[in-house]
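> Structure, please.
(one chain, ligands or ions: 1)
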Amino acid sequence: MLPLHTNAARWLRGAISIFGLLLATPCVRAQPDQPFSPTQTSAAPAPLLVIPMADGSGSLVIDTSAAPQLTDWAQHELAPVLAAWYPKIAALLPSAGYSAPAQIHLAIKRIDGVAYTSGTDIVASASWCLSQKHGEAIGSLVHEMVHVVQQYRQGHAPGWLVEGLADYIRWFRYEPQSHGADLVWMRHQGKNFSPRYDGSYRVSANFLDWAAVHHDTNLITEVNADLRDGKYTDDFWKQHTGKTVQELGAEWKRLIEGQVPRGQKSTSGGISYSWLVQLEDAIGL
Ligand SMILES: [Zn+2]
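Numbering: from 1, shown residues only. As a prediction, the model looks like this:
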């Protein structure tokens, strides 16, 4: 969602596997007879897939014309997840009088960074999807679909909440089994790990999950509605939990640090918290 940081994006492109030569192919629109089984006009997978949402509320177009080697993956692995989860995300983030956009367009092509969302258009890096098609690719696009559902008013939504909510949906609702933002992940962040409620992405996702569990079970729905309606201010936290966001953040931080001993060495290859958050900020996840 955020602008891409060129240096970090270049680094990322170099760090992940090299994406092969992209061959331009003509788009073939496929009209599916049933979800996830688009009619083919040739033996090769169609590079433009039109996928109905699982609840019939709309459709998702996936354009792999710039990355045809990903068409089969997009059709059989990515599309079923996105079509199933878009209605779920919309149900998790409702507000009065609001309907999530019915049409989403996802293009997988050669870009710097990982992915970004503008309105109802998602653009994902072909090289990222290729290297992470059995790893993080699908989850990162679930995150991007949250941005399509959010549709927050410009200037009224703090970035840490926008990204924290997107990662909350991803890591705590879509793939909690991956432990990508919970205590398991935090215990792997190395000795400099020091959580901040407004640390964005996974860290804020963890704070939101904790605040919802311990202080207000409707918090996610309520904060989303205020953000979308342009009503959100820091007073939200006092009104709904009786504490300021700073007080909540301090309470949460004490709890985390009590369970993640400072000075603990990473057991996951040494990826540091600060490095990861900086990277996520830079690449616009
Ligand atoms: Zn994002």
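> what sits against the residue positioned nearest the centre of the chain?
Central residue of the chain (CA atoms, centre = their mean): residue 143, 1.5 Å from the mean position. Residues near residue 143 by CB atoms under 8 Å, 6 or more residues apart in numbering: 115, 166, 167, 169, 170, 285. All C-beta atoms are positioned from the backbone trio N, CA, C, and that covers glycine.
> Which ones among the residues you listed also lie next to the ion?
residue 166 (CB under 5 Å from the ion).
> If you rank the contacts of residue 143 by neighbours, which is first?
Within the contacts of residue 143, most neighbours by other CB atoms under 10 Å means residue 170, with 30 neighbours.
> these two touch, right, it and residue 146?
Yes - assessed by CB atoms under 8 Å, residue 170 is found in contact with residue 146 at 7.2 Å.
> Would you mind writing the CA trace of the helix or strand residue 129 falls within as CSV?
Taking DSSP states H and E as the criterion, residue 129 maps to helix 126-131. Listed next in CSV are the C-alpha coordinates belonging to helix 126-131 (Å, rounded to 0.1, in the frame of the first residue of the first chain):
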residue,chain,number,x,y,z
ALA,A,126,6.3,-11.8,-10.0
SER,A,127,9.7,-12.7,-8.6
TRP,A,128,8.3,-12.6,-5.1
CYS,A,129,5.4,-14.8,-6.0
LEU,A,130,7.7,-17.2,-7.8
SER,A,131,10.2,-17.5,-4.9
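> what sits against residue 115?
By CB under 8 Å, 6+ apart, the neighbours of residue 115 are 122, 123, 124, 125, 128, 140, 141, 143, 144, 284, 285.
> when you check the residues you listed against the helices, which ones overlap?
Mapping the contacts of residue 115 onto helices (DSSP state H) picks out 128, 140, 141, 143, 144.
> now, which of these sits nearest residue 218?
residue 143 (22.3 Å; CB to CB).
> Quick check: residues of the stretch 51-200 of the chain near the ion?
163, 166.
> For the stretch 51-200 of the chain, just list every one of the helices.
Counting by DSSP state H, counting those that start in this stretch, the stretch 51-200 of the chain has these helices, from start to end: 71-73, 79-92, 126-131, 137-150, 159-168, 183-186.
> Put together CSV for the ones you listed, with mean pLDDT on each row.
Shown next, in CSV, are these (pLDDT from 0 to 100):
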stretch, mean pLDDT
helix 71-73, 97
helix 79-92, 98
helix 126-131, 98
helix 137-150, 98
helix 159-168, 98
helix 183-186, 94
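> Look up the closest residue to residue 182, ignoring the ones flanking it.
Leaving aside its sequence neighbours, residue 182 sits nearest to residue 206 (CB to CB, 6 or more residues apart in numbering; 6.6 Å).
> so where does that neighbour fall, helix or strand?
helix 201-214.
> is any part of that helix close to the ion?
No - when contact is scored as CB under 5 Å from the ion, no part of helix 201-214 falls within range of the ion; the minimum is 7.6 Å.
> List the buried residues for that helix?
Buried positions in helix 201-214, judged by neighbour count with 16 or more other CB atoms under 10 Å: 201, 202, 203, 204, 205, 206, 207, 208, 209, 210, 211, 212.
> By mean pLDDT, flag the weakest helix or strand of the protein.
The weakest-scoring helix or strand in the chain, judged by mean pLDDT, DSSP states H and E, is strand 29-30 (a mean of 29).
> so can I have TSV of the ones in helices among the contacts of residue 115 showing distance to residue 243?
TSV is the format used below for the ones in helices among the contacts of residue 115 (distance: CB to CB, whole Å):
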residue	distance to residue 243
128	39
140	32
141	35
143	28
144	32
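> ok, and the most crowded of these?
That'd be residue 143 among the ones in helices among the contacts of residue 115, by other CB under 10 Å, with 29 neighbours.
> Please report how far it lies from residue 244.
Distance, residue 143 to residue 244, by CB to CB, to the nearest Å: 28 Å.
> And for residue 149?
In terms of CB to CB, residue 149 sits 28 Å off from residue 244.
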